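Asks: Fold the following and give me the result.
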Amino acid sequence: MTDLIWSFSPWLAFLLGTRVTSLYGAVAAGVAVAAVVAIRAVARRRLHLLDVAGLCYFLALGAVLVAVDPGHLEFWSRYAQAGSHIALTVIVFGSILIGHPFTESYARHTAPAAVWHTRQFHAINRRISAVWGLAFLVGTVSLLIAGSVSDRQVLLRVIVPFGALYLAYRYTQKQTRQAQDATPAGEPAASGSARPTPAQAPHLKPSQTPAS
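Replies: Sure, this is the predicted structure:
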């Protein structure tokens, strides 16, 4: 969960930045945090899809803003948050569609290596990733509405988007705890030699479960 929070931090910094500073300042915050996240990930040899996507997105957005007529910045500012949510929604659902839910790379840091290729492991991460995708989709709709109206900005730009993300985070915590509870006692969480139980490896018949 720690790495997942780190991966989302540039996007959160950008979303918060749009509320307290200019669009340029928010983009600068996004780039700065994304750079720190990427450096940390490379140093720990744990570079994830969102780490790369965050840095590329904010660098590209900054480059586009430099080339945009300043007279159009008001429009960009109104929909900048929605744009970041759209990007995240596409990334998350795209990872599910290609068969590699984005949460799998994070789950492998704590799950036994023996369960990485089981149907249950993939199914759990598809559900978790789908919940995050839905959270970003809800935030996208809310932020698009916020860009087209002048009232209820706190509700549409803060409460709904961040509330959806909080619910997705809580769901991820719940699923992670349940998966850890299903791991036999005494096995190290990240052990590469851990063997799956019948519940963790539903594709194995009882007679095919690895022997001790």
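
Asks: next helix or strand past the top helix by length along the chain?
Replies: Ranked by residue count and defined by DSSP state H, the top helix of the chain is helix 119-148. Read in the C-terminal direction, the helix or strand following helix 119-148 is helix 153-154, with elements assigned using DSSP states H and E.

Asks: could you give me the average pLDDT of that following helix?
Replies: Helix 153-154 shows a mean pLDDT of 90 in the predicted model.

Asks: Give me the residues contacting it.
Replies: Residues outside helix 153-154 that contact it (Cβ atoms under 8 Å, 6 or more residues apart in numbering): A146. Just so you know, the C-beta spots here come from the backbone N, C-alpha and C atoms, and that holds for glycine as well.

Asks: repeat for stretch 94-111
Replies: The list of residues contacting stretch 94-111 from outside it, by Cβ under 8 Å, 6+ apart, reads 1, 3-4, 7, 46, 48-50, 91-92, 116, 121-122, 124-126, 128-130, 132-133, 172, 176, 179-180, 183, 189-190.

Asks: Can you pull out the low-pLDDT segments for the chain?
Replies: Within the chain, the set of residues satisfying pLDDT under 70 comprises 69-71, 182-212.

Asks: And the helices in it, which stretches?
Replies: Read by DSSP H, the chain holds these helices, from start to end of the chain: 2-20, 23-43, 49-67, 73-97, 104-107, 119-148, 153-154, 160-181.

Asks: Just the buried positions in the first one, please.
Replies: Right, the one you point to is helix 2-20. Going by neighbour count (16 or more other Cβ atoms under 10 Å), the buried part of helix 2-20 is 3-4, 6-15, 17-18.

Asks: can you tell me which of the residues you listed lies nearest to A28?
Replies: Within the buried residues of helix 2-20, distances to A28 taken as Cβ to Cβ reach their minimum at G17, with 7.9 Å.

Asks: Distance-wise, check the closest one relative to Q173.
Replies: Distance from G17 to Q173, counting by Cβ to Cβ, to the nearest Å: 26 Å.

Asks: on that earlier part again, in ChimeraX, how would I select just the buried ones from the contacts of stretch 94-111?
Replies: What follows is the ChimeraX syntax for the buried subset of the contacts of stretch 94-111, where burial is set by 16+ other Cβ under 10 Å:
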select :3,4,7,46,48,49,50,91,92,121,122,124,125,126,128,129,130,132,133,172,176,179,183
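
Asks: For the spatially most central residue of the chain, give me its contacts.
Replies: Geometric centre of the chain, nearest residue: F8, 5.7 Å, by Cα atoms, centre = their mean. For F8, the set of contacting residues under the criterion of Cβ under 8 Å, 6+ apart consists of L50, L165.
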